[in-house]
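K.L.:
take a look and give me a structure for this.
(chains A, B, C and D)
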2 protein chains.
Amino acid sequence: MKNLSPSLEDYLEAAYTLSLKEGFSRACGISRLLKVSKPSVNSAVKALAARGLLEHEHYGYIRLSPAGLKAGAEISGRHALLKDFFVSVLAMDENQAGEDACRAEHALSPEALRRVGALAVFLKAPPRRRLLLAARSAMSKRKNG
Amino acid sequence: MKNLSPSLEDYLEAAYTLSLKEGFSRACGISRLLKVSKPSVNSAVKALAARGLLEHEHYGYIRLSPAGLKAGAEISGRHALLKDFFVSVLAMDENQAGEDACRAEHALSPEALRRVGALAVFLKAPPRRRLLLAARSAMSKRKNG
DNA sequence: TAATAAAGTTAGCCATGGCTAACTATAGCA
DNA sequence: TGCTATAGTTAGCCATGGCTAACTTTATTA
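P.N.:
This is a model prediction of the structure:
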């Protein structure tokens, strides 16, 4: 599977998010969500369909394929992880956190994402749990765990 | 001053970084640093010159203007802040941290950057200092400080 | 000083990803 | 059933930001 551009990731994420309710999404919904024109959605959807991530009925519904659902969940997960970090750890405003997550989700490596998530888990844990996590980390053989 | 695209920010940052040694930089240095072709550097440098951020002698040196130095320092500071967070807090490898910083520096809002920096300061402080910072924060009237 | 290497420029190509204008299809309702 | 609003499509434009090929300028050095 070829890597998606940030832009295509955004479109797939939007289609995925809108699909969670009904099982499908529509171009106009994506257009409204991402605040882009309908022709922009149209060409992005074509590109995603060409990669086998979704199917697009002519003048009709957009349905994610299994691969599309998987990729959409992955992207959506990145977004949620970052937004949670911004809100729970950095105490940022919800909207601002969403916007930052939206941009940062395309910028960070999987490794950085993983560590940001782990830091959030650690900092959100109650003190006793945190001590346990720290102790386990100290026992671990991993260099940077 | 118009906002710079991520790409132009990278070129300006490169010119700034290379200038720190000698007071000027050259296109071939930027080309090597950013791993892009010389014509790409050439057109980016033109765009930066058009914005008054640097001057470019024909077939010669590139010198940052005062505005360019200011902007370069700002961008470079963002980069350093993020890299420090990735290395000192997330315990990431230097190279990986540099790459992630390079991409994330264009994605995060000033507010997010500020908070990431503050978090790094807090977590890197020794326990007693940390307690003091926490106490001050508790006394502060700011909502999310 | 003339040849050559290195640096810089120009022209022109391409992909991505936006947009508007104008058209077509579908659906809901009088 | 036909009108109209909404949705979707197509064509074509533009800006950004890469690239190569071919050229010019500058610097080095034999």
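
K.L.:
A:R32 and B:R129, how far apart?
P.N.:
Per C-beta to C-beta, to the nearest Å, A:R32 is found 49 Å from B:R129. Yep, even glycine has a C-beta here, placed from its N, CA and C like the rest.

K.L.:
separation between the closest residue to A:Y11 other than its chain neighbours and DNA strand C?
P.N.:
Counting by C-beta to C-beta, 6 or more residues apart in numbering or on different chains, A:A44 is the residue found nearest to A:Y11 once chain neighbours are left out, at 4.1 Å. Counting by C-beta to the nearest atom of the strand, to the nearest Å, the gap from A:A44 to DNA strand C is 6 Å.

K.L.:
A:A44: neighbour count?
P.N.:
The burial count assigned to A:A44 is 22, neighbours taken as other C-beta atoms under 10 Å in any protein chain shown.

K.L.:
so the longest helix seen in chain A, near chain B or not?
P.N.:
Longest helix in chain A by number of residues, with DSSP state H as the criterion: helix A:66-84. No - on the criterion C-beta under 8 Å from any C-beta of the partner chain, helix A:66-84 is out of touch with chain B, staying 9.7 Å away.

K.L.:
let me know whether the one helix or strand in chain A whose mean pLDDT sits lowest sits next to chain B.
P.N.:
None of the helices or strands of chain A scores lower by mean pLDDT, DSSP states H and E than helix A:127-139, at a mean of 90. No - Helix A:127-139 lies out of reach of chain B by C-beta under 8 Å from any C-beta, never closer than 10.3 Å.

K.L.:
which other residues reach the longest helix of chain A?
P.N.:
By C-beta atoms under 8 Å, 6 or more residues apart in numbering or on different chains, the residues outside helix A:66-84 that reach it are A:1, A:4, A:9, A:12-13, A:15-17, A:19, A:48, A:52-54, A:64, A:97-98, A:100-102, A:104-105, A:108, A:113, A:116-117, A:120.
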